[in-house]
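Visitor: sequence? don't have it. structure:
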RNA sequence: CGGGGCGUAGCGCAGCCUGGUAGCGCGCUUGGUUCGGGACCAAGAAGUCGGAGGUUCAAAUCCUCUCGCCCCGACCA
């Protein structure tokens, strides 16, 4: 492998040295990127000295859409054989990447690859980094034989062909350093997922736990947001008659298997406790860490409920749950997360359905009123519904990249869990029946939704109603004599604001300059900053700046405490309106399959109202081709024109438009 | 299962090829000058170089084994 590692120049030049794959003659290939990838010179031959230069490929014009770019390169061999090189280009995914270089021999029996044979090359451009500075970057290129074997037909000549897959690994050094630069937030437009990570980090919301796979540490500032979410939701739950309770973290494994769909849905992501007290638990007595609590709550409901007089039973639990996820992202999908799960039991299906819709609306109202996040309320398709539910309702919000985030769910469980856990009651007609259950929940994912709904390239933006710090006072002074005076006035202002009900913080830390404090609080999403210096005190005013404002605004010190709550409220309203407008601007109704695909091309997403024939197969086909899924079937008043139409994909009849988008 | 990369100070990394005093940036501590949009100067603290074994007068560096993390691939180009 020693020969496979080459350090290349900045021009950037890539050289593939000779290699000796099994059963092949020594073979040499050289690629030379010209300037900023505008030209690619390809040469190959049996030895380095012997190589012939193939035609120069002009990449200009294709450089920005490298995805599946195919180039046919005819070789100037002069022997009339028509050998060629095909270059397939795809964008890179991340820092360390290993694009595959496929070298296939065409039109020849699987004999030693040498001059005169065509090649398929699959190279990858460092797309993600093209917008960043490449200064100081060192490229290291190594390659290795990965597979060697017959290639299946797939549009290739019916003659014997074989493929040699060679992986290339570039190691790009010096880029990560830039990304981790202090206070650095990658622009949304450049790399949205990276932007999200940066905002969460710089906003001091959370960090990846690292020592525990897939988990995160929610830091004080992030947890404070969750506490505000909890406090308000809890009030709403109480108001609708629910009571809090707490059920065990561990659930007997046997419980999970009682509801057929439920076990199928959750089995892959369960964490199982097999040992306890220094001993292995007997077979069949293992526990799972709850992924959700329908089963254990069903068990207890069956003990608590005897007659219709015990109904409805309205319970909520604040808890942590664990789902073993392969790919995790802070707040959006982590192995362990915090949530609330409501569980209710009712005498009739109608009553249960009312509950399902009631709680869906509680979530919807909360999202819009508190989070300033507009949502669409709807019904999940069969493939997206909760494992074990009859139907699942949801609220879907649009993130700033046009993708949809499921922000809350409310399930009609029918009698599925009632039957599985024998939750029976005697009704008013003295007949025994199974209860009708519901469950509904929202999680710390809401914090991620908050980030992706409002924040910008400067960092976090928090709606005042959920901001742990709504206003920050930054004192400005020169000499230590000024400091005493200014801090005193600032303290008084802080006290006045606190008395007016504003969550205010006075940042009188020494050793940090005002500018640095400004940036820090902006990254943390504080809605308004108040600057107080000697000049302001003299004039009886303070400089204020809203988190999204262009400039600063003077406000009278006298009336600041009185006026600020109003300012914050209007900022709350502004954020909601802005989010609504963003969603409107990125929502379309589409009637043709070509238009539909166009919306989701190039990794883009919007909200799309389109007709769908209602079948799981069509849904799967659409997802396969566009990555977009049915987010929900809108409930009354949530969709666009409600009339029937023809499925966008199959032309089959559709009862009404449903919401499509790519999703988290 | 196959292949690759990486483990050196809290964080990000250099040093390894060619063995010889443990380095850099950020952060942190102290002092001073600063302070209306990311300050500067000076001094300082901080590392069993992932682990074990070997070669050597001498190992972060060479060899063998091992642990951990990340990425890619298994015929889709």
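Guide: Good, I have the coordinates. Computed from a predicted model, the values in this text were never measured in an experiment.
Visitor: buried ones in stretch A:327-344?
Guide: Of the residues in stretch A:327-344, those scored as buried under the neighbour-count criterion (16 or more other CB atoms under 10 Å) are A:328-344. The C-beta positions use only the backbone N, C-alpha and C, and glycine is treated the same way.
Visitor: Please read the previous query as pertaining to stretch A:540-559.
Guide: Within stretch A:540-559, judged by 16+ other CB under 10 Å, the buried ones are A:541, A:542, A:543, A:544, A:545, A:546, A:547, A:555, A:557.
Visitor: my guess is the first one meets residue A:552, correct?
Guide: No. Counting by CB atoms under 8 Å, residue A:541 does not reach residue A:552; the two are 10.9 Å apart.
Visitor: ok, and the closest non-adjacent residue to residue A:401?
Guide: The spatial neighbour of residue A:401 that comes closest, neighbours along the chain excluded (CB to CB, 6 or more residues apart in numbering), is residue A:192 at 4.4 Å.
Visitor: Next, work out how far apart the one you found and residue A:524 are.
Guide: Note on residue A:192: its distance to residue A:524, by CB to CB, to the nearest Å, is 21 Å.
Visitor: And residue A:385, by the same measure?
Guide: Distance from residue A:385 to residue A:524, counting by CB to CB: 38 Å.
Visitor: Mind telling me which residue of the stretch 351-500 of chain A is nearest RNA strand B?
Guide: Among the residues of the stretch 351-500 of chain A, residue A:478 lies closest to RNA strand B, at 4.1 Å counting by CB to the nearest atom of the strand.
Visitor: show me what contacts that residue?
Guide: residue A:534 (CB atoms under 8 Å, 6 or more residues apart in numbering).
Visitor: Tell me the secondary structure at it.
Guide: Going by DSSP: H, G, I helix; E, B strand; the rest coil, the secondary structure assigned to residue A:478 is coil.
Visitor: go on, residue A:531?
Guide: Following three-state DSSP, we place residue A:531 in the strand state.
Visitor: Please give the number of neighbouring residues around it.
Guide: Residue crowding around residue A:531 was assessed by other CB atoms under 10 Å; the count is 19.
Visitor: Below-threshold pLDDT in chain A: ranges please.
Guide: A:1-183 (pLDDT under 70).
Visitor: Tell me how it divides into domains.
Guide: Here the domain assignment for chain A is A:2-177, A:220-248+A:292-454, A:464-584, A:587-661, based on automatic domain parsing.
Visitor: Report how many residues lie close to residue A:196.
Guide: Close neighbours of residue A:196, defined as other CB under 10 Å, add up to 24.
Visitor: in terms of contact, does it touch residue A:452 like I think?
Guide: Yes. In this structure residue A:196 lies within contact range of residue A:452 using CB under 8 Å: 6.3 Å.
Visitor: all strands for the stretch 401-550 of chain A, in order.
Guide: When secondary structure is read from DSSP state E, counting those that start in this stretch, the stretch 401-550 of chain A shows strands at A:404-414, A:424-426, A:432-434, A:436-443, A:471-475, A:504-506, A:528-532, A:541-546.
Visitor: which residues does residue A:416 contact?
Guide: A:259, A:261, A:262, A:388, A:389, A:390, A:437.
Visitor: Against residue A:537, how distant is the second one?
Guide: Using CB to CB, residue A:261 is found at 67 Å from residue A:537.
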